[in-house]
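In: next input, structure requested:
(one chain, ligands or ions: 1)
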Amino acid sequence: MRRRLAAGNWKMNGTHASLDELRTLAQQHPSPGCDILICPPATLLDPMSRLCRDTAIACGGQDCHAEPKGAHTGDISAEMLADAGAEYVILGHSERRADHGETDETVAAKALAAWRAGLTAIICVGESEAQRDNGATLEVIGAQMDGSIPDGADGDNLVVAYEPIWAIGTGRVPMLPEIGEVHDFMRARLAARFGPGVADQVRLLYGGSMNPANVADIISVRNVDGGLVGGASLKARDFGRIIAALGK
Ligand code: PGA
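Out: As a prediction, the model looks like this:
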């Protein structure tokens, strides 16, 4: 059985004052029915992971460099994330693909770095609105999965997040059958490449405007094993309600 995952992506939000939200969350969910992950900005990873010690909350990074160290000003390696207390790292988010020109090849190299450092990679895929309108969604998702996920994936080192670009931060969410179609497709794609045993263990998240009001419907869709939550993960009250729904 796959244990559901409630993953919060704080993006470029949060200062030390935001750790109060985390304290509240940790107190309110001492033994949740799902895994909880928060990926704060890198500046908060160390204090957050200290705070989360002995709680049910895990911490993760939002990106990493493919190399373990070296002359890469401004970058952070997977080893550094692990050193700061991360257990996961989000890779290939559409904002990084757009803002930093990350390709499937870059993402795959980063995923290998994550594994080298003992981190679980949350690899993001998702179509643009134009691609969906052109009927290319599954083709795009399939190509991103093939290119971004390295050989050697398993249920412990990989999570895949389906995040339609047009649903991120917009309040728009695909119809439930549309989410189901993509998640079924992703499971089958993993099974074809890694075998049904591995495919069965990899958690598939939905991301894009997930909130306390729509989480119950989304999680009822087959092959959805949790959520990658942006805006609604910033406040303990909202994220707490999402955790409660995923933990049922
Ligand atoms: P959102 O972001 O929940 O604010 O739409 C999700 C994401 O980009 O991970």
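
In: residue in this structure with the shortest distance to the ligand?
Out: Distances between the chain and the ligand by CB to the nearest ligand atom are smallest at Gly230, namely 2.3 Å. From N, CA and C alone the C-beta is placed, and that goes for glycine too.

In: so what sits opposite the closest residue to that residue other than its chain neighbours in the bridge?
Out: Spatially, and ignoring its direct neighbours in sequence, Gly230 is nearest to Asn9 (5.1 Å; CB to CB, 6 or more residues apart in numbering). Asn9 has these beta-bridge partners by DSSP bridges: Cys39.

In: is it true that Asn9 touches Gly231?
Out: No - if you go by CB atoms under 8 Å, Asn9 and Gly231 don't touch, sitting 9.3 Å apart.

In: between these two, who's got more neighbours?
Out: Asn9 (27 against 19; other CB atoms under 10 Å).

In: Ala188: neighbour count?
Out: 14.

In: which SSE is it in?
Out: Using DSSP states H and E, Ala188 sits in helix 176-194.

In: still on that earlier bit, dump the residue contacts of the residue nearest to Gly230.
Out: For Asn9, the contact set (CB atoms under 8 Å, 6 or more residues apart in numbering) comprises Cys39, Gln62, Ile90, His93, Gly207, Leu228, Val229, Gly230, Ser233.

In: same check, this time on Ile90
Out: Ala7, Asn9, Cys39, Gly60, Gly61, Gln62, Asp63, Ile122, Cys124, Ala161, Leu228.

In: for those residues, give me a markdown table that also has pLDDT.
Out: Converted to a markdown table, the contacts of Ile90 look like this (pLDDT from 0 to 100):
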| residue | pLDDT |
| --- | --- |
| Ala7 | 98 |
| Asn9 | 98 |
| Cys39 | 98 |
| Gly60 | 98 |
| Gly61 | 98 |
| Gln62 | 98 |
| Asp63 | 98 |
| Ile122 | 99 |
| Cys124 | 98 |
| Ala161 | 99 |
| Leu228 | 98 |
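
In: show me these that map onto strands.
Out: When DSSP state E is applied, these are split such that Ala7, Asn9, Cys39, Gly60, Gly61, Ile122, Cys124, Ala161, Leu228 fall in strands.

In: let me have those in JSON lines, extended by distance to Ala199.
Out: Formatted as JSON lines, the ones in strands among the contacts of Ile90 follow (distance: CB to CB, whole Å):
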{"residue": "Ala7", "distance to Ala199": "20"}
{"residue": "Asn9", "distance to Ala199": "24"}
{"residue": "Cys39", "distance to Ala199": "24"}
{"residue": "Gly60", "distance to Ala199": "23"}
{"residue": "Gly61", "distance to Ala199": "25"}
{"residue": "Ile122", "distance to Ala199": "17"}
{"residue": "Cys124", "distance to Ala199": "18"}
{"residue": "Ala161", "distance to Ala199": "16"}
{"residue": "Leu228", "distance to Ala199": "19"}
